[in-house]
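**Q** Give me the fold of what follows.
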Amino acid sequence: MNVLADGRAAGGSVLRDGGGDVGLTSLLDELAQGIVVSTVEGRILHANQSARHELARGRVLAAHRGTLQGCTPEICKALHDALAKACGGKRSLIELTAVQGPGFSLAALPLKAHSPDSAPTAALLFARACVCDPLMLCLFSRNYGLTTTEEHVLGILCEGFSAPQIATQMKVAVSTVRSHVRSLCAKTNSSGVRELVSRLAVLPPLASPLWSEPLH
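**A** Below is the predicted model of the structure:
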């Protein structure tokens, strides 16, 4: 699905950063957080890779002929109201419910016009899909020398599961999971699961390996 306006290719951009729009586009595509720049009418000027992936799924928002559309009348109204506030220079946060599966939050931010004659634009920032993105979980694990099993346990911890629930998923004893958790805390110098998960939650939102360069 082409999610960019004016017949541009899906990987194109109308953003400028001093003549280096290719570099800016590449940077935005490295983020696991969806970002869309649109007019206040919803015409898409740019969508990064994560946003294009979400729009193509059509669970909450979609794109039709280069324009953002909500998948339900309620979402359409919430989006319209958020863009209208952005036109007036106000920021807003909206909660969007998916047709199927989990929804997500979206922040609408007004963008400064390049000139007095420029049409108002807004940036739409999608909520991250998870506490810790897969690529960052992998890099964090490498930094601290975690085993494959420890990385797997850590990923499940980030999803909010308890030791007994993880034991059920992994089909191992609860004591085994707790042993992995103690090892995780020791290797990462964390006082407990809460601190460990909090550290992962604030890591940079780098894009999924699905569209990133392979790790070396």
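**Q** Which neighbouring elements make contact with the helix or strand of the chain with the lowest mean pLDDT?
**A** The weakest-scoring helix or strand in the chain, judged by mean pLDDT, DSSP states H and E, is helix 21-29 (a mean of 77). On a contact count with 3 or more C-beta pairs under 8 Å, 6 or more residues apart in numbering; DSSP states H and E, helix 21-29 meets helix 49-57. Heads up, the C-betas are built off the backbone N, CA and C, glycines and all.
**Q** quick one, the helix it packs on and helix 21-29 angle?
**A** Relative orientation of helix 49-57 versus helix 21-29 (axes from the mean of the first three to the mean of the last three C-alpha atoms, to 10 degrees): 70 degrees.
**Q** average pLDDT across helix 49-57?
**A** For helix 49-57, the mean per-residue pLDDT is 91.
**Q** just stretch 205-216 next, same as before
**A** 55.
**Q** follow-up on the earlier one: next secondary structure element downstream of the least confident helix or strand of the chain?
**A** For helix 21-29, the succeeding helix or strand toward the C-terminus, using DSSP states H and E, is strand 35-39.
**Q** got the CA coordinates for the next helix-or-strand element following that next one in CSV?
**A** For strand 35-39, the succeeding helix or strand toward the C-terminus, using DSSP H and E, is strand 44-47. Taking Å, rounded to 0.1, in the frame of the first residue of the first chain, the C-alpha atoms of strand 44-47 are listed here in CSV:
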residue,chain,number,x,y,z
ILE,A,44,0.5,12.2,4.4
LEU,A,45,3.7,14.0,3.7
HIS,A,46,6.0,11.4,5.1
ALA,A,47,5.7,8.1,6.9
